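Provide a 3D model corresponding to the input given below.
(one chain, ligands or ions: 1)
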Amino acid sequence: MYVCICKGVTDHRIREAVEDGARSWREVQNETGCGTQCGKCACMGKTITRDAVVSEMSSSSADLAYAV
Ligand code: FES
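Coordinates of the predicted model:
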């Protein structure tokens, strides 16, 4: 779904930015441009970013738990 109409950013693109290493809303903004024009998508963008980071971190922790 489109989150940011101004920059044409989808929720998938935000998750992809987190998978590629973004760990904060600011980093996602820098990577995608989401929320950098009118700002109306910021709340939704932050929520998706937070969920994606939590998901990414928990999968990273799982990797560490099995790697030892
Ligand atoms: Fe995202 Fe306008 S809708 S900056």
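
and the end-to-end length of stretch 15-33?
With Cα to Cα, to the nearest Å applied, stretch 15-33 spans 14 Å between its terminal residues.

can you check stretch 34-50 too?
End residues of stretch 34-50 are separated by 14 Å (Cα to Cα).

check stretch 9-23 too.
Across stretch 9-23, first to last residue, Cα to Cα, it's 17 Å.

what's in contact with it?
1-3, 27-28, 30-34, 41, 45, 48-49, 52-53, 56 (Cβ atoms under 8 Å, 6 or more residues apart in numbering). (Each C-beta comes from the backbone N, C-alpha and C, glycine too.)

ok, the residue nearest in space to the middle of the chain to residue 22 distance?
By Cα atoms, centre = their mean, the chain has its centre lying nearest to residue 49, at 3.4 Å. Using Cβ to Cβ, to the nearest Å, one gets 8 Å for the distance from residue 49 to residue 22.

list residues touching both of the two?
Contact criterion Cβ under 8 Å, 6+ apart; residues shared by residue 49 and residue 22: residue 28.

picking up where we left off before, pull out the buried residues from the contacts of stretch 9-23.
3, 27-28, 31-32, 34, 41, 45, 48-49, 52-53, 56 (16 or more other Cβ atoms under 10 Å).

farthest pair within these?
41 and 56 (20.7 Å; Cβ to Cβ).
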